[in-house]
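# Fold the following, please.
(chains A, B, C, D and E)
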Amino acid sequence: MSLEIEPIVARLREALPTAGISLRKNPGPSGQHSLLIDSASLIDVCRTLRDTPGLEFDFLSNVTGVDWPVAAKADTIAIPEGEGTAPTGGMLEVVYHLYSTTLRTGPLVLRARTVDREKQVQIPSVVSVFRSAELQEREIFDLYGVIFTGHPDLRRILMWDEFVDHPMRKDYVAPDDYEYEPTPHEAVLEKAKKHYGERQKI
Amino acid sequence: MIFATVPFPSFTLESLPQLPKLLVEWLLMLVGAPDWLVSIGGTAAMAGTVVGVFLSAFALLSLVERKTLARIQNRLGPNRAGWFGILQPVADGIKMLTKEDIVPTKAEWLLHLAAPILIVVPSILALGVMPLGREWVPVNMELGLLFFFSVGALTELSVFMAGWASGSKFPMLGAMRAISQMVSYELPLIISALGVIMVTGSLRLSDIVVHQGDFYFGFIPKWNLFTPWGFAAGLIFYIASIAEANRCPFDLPEGESEIVAGHMTEYSGFKYALFFMGEYLGLFAIAGLGVTLFLGGWQAPLPFLGWVPTWIWFFAKLAVIIMSYLWIRGTFPRVRIDQLMRFAWLCLIPMALLTIPAAALWVFTGKGIVSWVVTVPLLLIPWVILTILFNKRLAPATRTYTFADS
Amino acid sequence: MIIPLLILTPLVLLAALGAVWKARPVHAALLLALSLALVAVLYLTIGADFIGLVQFMVYVGAVAILIVFSLLITRPGDEAEEIQRRPRSMVTGLICTLPVLAVLLIALVKGNPESAPAVDAPPLSIAHLGELLFTTHAPAVLAVGVLLTAVMIGAALFARDTEKPKSNQPEK
Amino acid sequence: MISDSSMPYSAPTLEPGEDDDQLLRVSLGPQHPSTHGVFRMNVVLDGETVVSLKSVFGYLHRNHEKLAENMTYLSSMPYTDRLDYICPLTNNWALAHAVEKLAGIEVPERAEFIRVITAELTRLINHTAFMGFILGDMGAWGSALMYAFREREKILDLFEDLTGARMMSNFMRYGGCRNDLPAGWADRCSIVVNDYGPFLDELEKFLVGNEILLARTQDVGQLPQKTLINGGITGPMLRAAGVNYDIRKVEPYGIYDRFDFRIPLGAKGDCYDRIMIRFLEMRESLKILRQALDQLPAGDYIHPKAKIRNFKPPVGEAYARIEGPKGELGFHLISDGTVNPFRYRIRPPSFINLTLLEDMCLGLDLADVVIILGSVDIVLGEVDR
Amino acid sequence: MSAEKTIDRLPAVPKPGRWIMPGLGLIQGLVISGKNAIQSYYKKDRMTTIQYPEQRAVISPNFRNFPFLCYDDDAATGLRCTACSICENECPPQCIYIVLDRDENGKSLKRPKVFDIDISVCMNCGICAEVCPFDSIYMDGEYEMSTDDRFGGLMLGLDRLAKSAEYHMKLRPEEASAVMAKRKAEEEKKAAAAAAKAAKAKADLEAKAKAAAEAKAAEEAQAATEEKGESA
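Predicted structure coming up:
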């Protein structure tokens, strides 16, 4: 059940006038529109969402990391109402899905974006508000490279600690340092690389 | 002159186990060996039979255990090696012998080697004292029971050596648990045996068995188990013997789901097999003592069964007790270390101490109906109080579960 | 009769010396247990079965295990500083043992062998020993019993306050 | 320890300085009999009580999400069987449900019924296997496990008939199921469902009254409701603490709103309640199965116009979740209109239920850590993806 | 039904406050495991395991293991596969390798020269069988395929993959019969279409011939009239 998002935005703006909240339409048939929150006010928004009696979004179900090498493409997925985001280089985005166990209201989707994909990749960590984000944020740091400021124990969680790159990024090239083992499967791999190769272009 | 006419030893079915001893002595005498050599040869043969019998029983038990556990779990158990898996112990033995014997670098190799040997020695010594049949008592010591318990104390030392010498963490934890468990369960074991000594009046094990000789009203055997204090002491002895032999539900030292294999983690090859041999022989010794003290050793259960050789009764009772150990092993989960301690010190030892006055009363009131009337309440009331106490304070709370419709 | 004595006494001495000399505490403890066991064997060889078995049970079975168990729990530190302060501990050790040695030697020299009780006294049977213990020496046995219970209660109290309250975190 | 709920997180990390040689550092390593797969916990013990516990993941990480981004939607369906390999059919349904929400596909009646039947059978398998594993962790190695696996085999034979493989089902398609029920399958299924009741009674008598089990699991690994919700715990662990949150009732997907079944709620939320809740949930699943088998309609098993090859969902984003046996299993898909999903995110219940593992284990024994990990019921395929 | 009454019963939880013998639950557990042990001797349903090499588990006809290529009457010529390599593209772990067979001047012979499946990579998901438009690849039911050669042994070529349609009929009767029926229907349709085309071709052949005949007749008539004209 897609919940109507406008009253929530209104309450949020009235509770936190200075917070940068903008509504983003979802073109797909699922109708799950999202709120783009700028990084500064992310924690306050989460805390008010959790604590105000009318909203009571006390359950952060899912935290997803998304890599947008071309920022403009993000606008085709989450269509801004007014002005579009200035098409800078790429950006990393974190999507939060919030639920309320008491009011049983549906997924409230929040989005937080970094400035770019190389240096300014900081997003404040919501672990102080929702404990469930702890492992999921460590996974996003490990696979995407988003640095969550304020996370109590930001280490790699899935890859081994000495691993350098972030594998889930679109421009990640798998190092071919595996112990090479000649198999008759070679021909299949070339053909597959040739075939699947060109589909990776964005 | 060499073949001085020495009568060929005459033996009945009853004294069949004596045969090797008699044969060796007959041969030595034939050869004209001096007396001290003949006696030494005889005792060596006797020891050989005991060790031979119990080692083959160990091999058989390792197969029977796997098959009964399998049956409890609805599967067949080993049936590939030999006919119905009878050669499985041989296969295990060969495997153990051929496996590489790894000694971790941080281990003290001398203690690491000494530990498995020191675990097997006391169990065999303890078996030597056991009255296995009317004429088959390997060593008829006057202090049989005391010898049994003092030799049993050596196993804890060897478990410590195994745990400490292996150098790594899990054996350390295993050794800690093993020693605390064995020390705290040796107490109820010895106290519950005191009652039997008081009633029999001697520490010689064969006297204890002879004391349980005849029958009430013709068919109920006068075993110690069928007396009030004997039943309580027997139950406590049974539970303490499970803990002493590190069998489930008290198999904490070797709790494989927590500390992999406890003090035996760093062993492989034949040393590991020695540990198992030590454990199983210890099991035979403890179960044998239980049978001797409470189930009338080699006494026949019914009067008209006197013609059956007595050592068959001993091994039959031993088999029943060990089957019950296997049954328990297939069913119960493991107890936690603090519950184990609390159960020993708060429940077993007080009840064991209680059986001593009960046994005294039993003897002073003439072992008749009067003594039944006196000793039963003396045992029953504290037990009921203890369980009520247990129900109030420690018993698990009963839970109510609500069902939500939406 | 003499042969077992001649074999055993040097072994006992060696084990005791090792127990004192060894730097590593666990080795020392195990050697102590070995020496106590050998003393028990000594008793057995001269026919005193009861005292031999009780010695084995009490000392090797209980005392050695407790020493070793405490070593396992505390896992004492390394041997370096223990070896380093060896000379000083040697001196203090000698000072304590010399008078005891002197007393033993005097007793050995002065005592005349004839007055020693006959070696081949009838072996003491357990029943007789039991009666003796609980009739003529009853007060001594009762005193020892009271002492042991006092020690047991003291140990229990001592262990109680250091034991952390078992936090089953009902409401953290 | 955990302070009030406003500032939920102050895990007592052990400062290196405080560590003296009294503490024993043990790693219940990836190769350990009771970690349900390759999962490691660095445990620091003071004697037998746990002082700190840091879990290490990633030994079974295959990065299914990166693979899915390079493959078509159809090709990533068989990989969902490998996520939580004890209940593959609920994983398939979760992905199918998410893609149907992403592309707005409706599912015919018969397919919905087949999905509910296979999902509830999977819940039975998972909870029965859980009973076997939890007893194994406690030490009764093998007995309950073999009884549980004996019954599980019957259901796996049903799946082999239906989907072609016992565990690797690869059965759902976007718009319905891959093939229809084979002849006589529904009757065989109702026979299995009827025999399951008596088996549950026997397993219950074997398990629930057992004093050792009661002593080992009561008041072990208990946390207040607020911390559980805040920690993202879902599934039987949450309901064992008494929070009434089951997605089949909260956000009814498929046709769950047509069946009447109840949600068991626990009292204290410790390991014992988690075991009991799974028992009662199995009984509720049997009720659902009986109703679904009675009302199973005829009709086509997949939407006639459902596209199997080069299926291109419209541009957009969707997050859909189902109530898996282990908790809330969700898929967050972002589609840019091409054959490959732009972003394919799995919300794994076992992984997120491990967030509070340390809080549950502090102050308890090493033996309790093993049971608490067992009661969380994790499968490493889903934890590491 | 007996199962119905046990569904709603709460687990047997002792009433609070009543004195219960502490060991009762343990004894109940013993009774259950004892029952299982004894019944495993005579009750077939209790037995979990079978003795594999001697007894074989009954596998269901829908069981799918590694794929096989179906051919109608002869392995060399009747192979249904036309090397369209749709299955190669759709295969998730990319374990199929097809080379199209071309004759000397490069025209495709609609037949695979090489069709390899690396069964160390294949996860028998069945997608190739699902997407194959020419019903040529199906999932096999044979599961004893272990070899000792890790390289060549697990690379199944055309020789080991190709299996006859009768094998398919034996493996999955109803699916195979459905496929045969479908193919027979297509044959008839094609045959009918061919017949229709042939008939049409014959028809317009005759029409042409008739037309030609008429034209010739017309010419003769015209020629005849010209002769008459000249002769007249």
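
# can you tell me if stretch A:97-113 touches chain B.
No. Against chain B, stretch A:97-113 shows no contacts by CB under 8 Å from any CB of the partner chain, the least distance being 9.1 Å. Just so you know, the C-beta spots here come from the backbone N, C-alpha and C atoms, and that holds for glycine as well.

# so how many other residues sit close to whatever residue of the stretch 1-150 of chain B ends up closest to chain D?
Across the stretch 1-150 of chain B, no residue is closer to chain D than residue B:73, which sits at 3.8 Å (CB to the nearest CB). Other residues within reach of residue B:73, judged by other CB atoms under 10 Å in any protein chain shown, total 24.

# Kindly report the same for residue C:154.
By other CB under 10 Å, 10 other residues sit near residue C:154.

# That one should be in a strand, yeah?
No. Counting by DSSP: H, G, I helix; E, B strand; the rest coil, residue C:154 is located in no strand; its state is helix.

# Need the per-residue pLDDT for it.
Residue C:154 carries a pLDDT value of 90.

# same thing with residue A:112?
92.

# In which helix or strand does it reside?
strand A:108-113 (DSSP states H and E).

# Please name every helix or strand in contact with that strand.
Judged by 3 or more CB pairs under 8 Å, 6 or more residues apart in numbering or on different chains; DSSP states H and E, strand A:108-113 is in contact with strand A:34-37, helix A:42-51, strand A:91-99.

# Would you mind measuring from whatever residue of chain A ends up closest to chain B to chain D?
Proximity of chain A to chain B (CB to the nearest CB) peaks at residue A:104, 9.1 Å away. Per CB to the nearest CB, to the nearest Å, residue A:104 is found 5 Å from chain D.

# can you map out the helices along the chain?
Answering for chain A, as no chain was given. A:6-15, A:42-51, A:71-77, A:133-143, A:186-197 (DSSP state H).

# Please refer instead to chain E.
Assigned by DSSP H, the helices in chain E fall at E:2-7, E:24-42, E:86-90, E:127-131, E:158-161, E:165-171, E:173-231.

# so how far is the longest one off the chain centroid?
What separates the centre of helix E:173-231 from the centre of its chain is 39 Å, taken as CA atoms, centre = their mean, to the nearest Å.

# other SSEs contacting that helix?
helix E:165-171.

# coming back round to it: could you save the helices of chain E as TSV and add columns showing mean neighbour count?
Putting the helices of chain E into TSV (neighbours: other CB atoms under 10 Å in any protein chain shown) gives the following:
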stretch	mean neighbour count
helix E:2-7	14
helix E:24-42	17
helix E:86-90	20
helix E:127-131	20
helix E:158-161	16
helix E:165-171	16
helix E:173-231	11
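
# May I see those helices organised as a markdown table, with mean pLDDT added?
Below are those laid out as a markdown table (pLDDT from 0 to 100):
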| stretch | mean pLDDT |
| --- | --- |
| helix E:2-7 | 36 |
| helix E:24-42 | 87 |
| helix E:86-90 | 87 |
| helix E:127-131 | 90 |
| helix E:158-161 | 88 |
| helix E:165-171 | 89 |
| helix E:173-231 | 79 |
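
# Against chain D, how distant is the closest residue to residue C:61 other than its chain neighbours?
Computed as CB to CB, 6 or more residues apart in numbering or on different chains, the closest residue to residue C:61 that is not its neighbour in sequence is residue B:153, at 2.5 Å. According to CB to the nearest CB, residue B:153 and chain D sit 24 Å apart.

# same question, residue B:248
Per CB to the nearest CB, residue B:248 is found 6 Å from chain D.

# same thing with residue A:5?
As judged by CB to the nearest CB, residue A:5 and chain D stand 14 Å apart.

# That residue - nearest residue in space that isn't next to it in sequence?
residue A:33 is the one closest to residue A:5 (CB to CB, 6+ apart), at 5.0 Å.

# what sits against that neighbour?
Contacts for residue A:33 (CB atoms under 8 Å, 6 or more residues apart in numbering or on different chains) come out as A:2, A:5, A:23, A:24, A:25, A:26, A:109.

# Need the pLDDT of the third one.
As predicted, residue A:23 sits at a pLDDT of 88.

# Bridged to it, which residues?
residue A:35 (DSSP bridges).

# Most neighbours among the contacts of residue A:33, please name it.
So for these (other CB under 10 Å), the most neighbours sit at residue A:109, 23 neighbours.

# Direction included, what does the strand holding residue A:112 pair up with?
Note on strand A:108-113: by DSSP bridges, its sheet partners are strand A:34-37 (parallel), strand A:91-99 (antiparallel).

# give me the number of residues near the residue of chain A found nearest chain C?
Residue nearest to chain C within chain A: residue A:131 (13.5 Å; CB to the nearest CB). By other CB under 10 Å, 25 other residues sit near residue A:131.

# can you pull the buried residues of the least confident helix or strand in chain C by mean pLDDT?
Among the helices and strands of chain C, helix C:80-84 carries the lowest confidence by mean pLDDT, DSSP states H and E, at a mean of 72. Residues of helix C:80-84 classed as buried by neighbour count (16 or more other CB atoms under 10 Å in any protein chain shown): residue C:82.

# ok, residues contacting the helix or strand that that helix is followed by?
Next helix or strand after helix C:80-84 toward the C-terminus (DSSP H and E): helix C:86-110. Contact with helix C:86-110 is made by residue C:20, as judged by CB under 8 Å, 6+ apart.

# Could I have the CA atoms of the helix or strand following helix C:86-110 written out in CSV?
Using DSSP H and E, the helix or strand that follows helix C:86-110 towards the C-terminus is helix C:126-135. The C-alpha trace of helix C:126-135 is given here as CSV (Å, rounded to 0.1, in the frame of the first residue of the first chain):
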residue,chain,number,x,y,z
ILE,C,126,40.9,-52.6,58.5
ALA,C,127,38.1,-53.5,60.9
HIS,C,128,40.6,-53.3,63.8
LEU,C,129,41.8,-50.0,62.5
GLY,C,130,38.3,-48.7,62.2
GLU,C,131,37.4,-49.7,65.8
LEU,C,132,40.6,-48.2,67.1
LEU,C,133,39.9,-45.0,65.2
PHE,C,134,36.3,-44.5,66.5
THR,C,135,36.8,-45.7,70.0
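
# now helix C:126-135, how far from the chain's geometric center?
Distance, stretch centre to chain centre, for helix C:126-135: 24 Å (CA atoms, centre = their mean).

# Would that helix count as contacting chain B?
Yes. Helix C:126-135 lies within reach of chain B by CB under 8 Å from any CB, at C:126, C:127.

# And the contacts of that helix?
So helix C:126-135 is contacted by B:142, B:143, B:201, B:202, B:203, C:50, C:141 (CB under 8 Å, 6+ apart).

# Dump the contacts of residue A:33 to TSV, plus distance to residue B:100.
TSV is the format used below for those (distance: CB to CB, whole Å):
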residue	distance to residue B:100
A:2	65
A:5	67
A:23	69
A:24	65
A:25	68
A:26	63
A:109	59
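
# What sits closest to residue A:59 if chain neighbours are left out?
Nearest in space to residue A:59, with sequence neighbours left out and distances taken as CB to CB, 6+ apart, is residue A:99 at 4.6 Å.

# so what's the one you found up against?
Per CB under 8 Å, 6+ apart, neighbours of residue A:99: A:57, A:59, A:61, A:105, A:106, A:107, A:108.

# now residue B:184
By CB under 8 Å, 6+ apart, the neighbours of residue B:184 are B:340, B:341, B:344, B:345.

# Compare those residues and tell me which is most surrounded.
With neighbours taken as other CB under 10 Å, the top of the contacts of residue B:184 is residue B:344, carrying 23 neighbours.

# how far away is that residue from residue B:242?
Going from residue B:344 to residue B:242 by CB to CB, to the nearest Å gives 12 Å.

# how near is the closest residue in space to residue D:358 that isn't next to it in sequence to chain E?
Excluding the flanking residues, the one nearest residue D:358 by CB to CB, 6+ apart is residue D:53, at 4.6 Å. Going from residue D:53 to chain E by CB to the nearest CB gives 31 Å.

# Cheers, nothing more for now.
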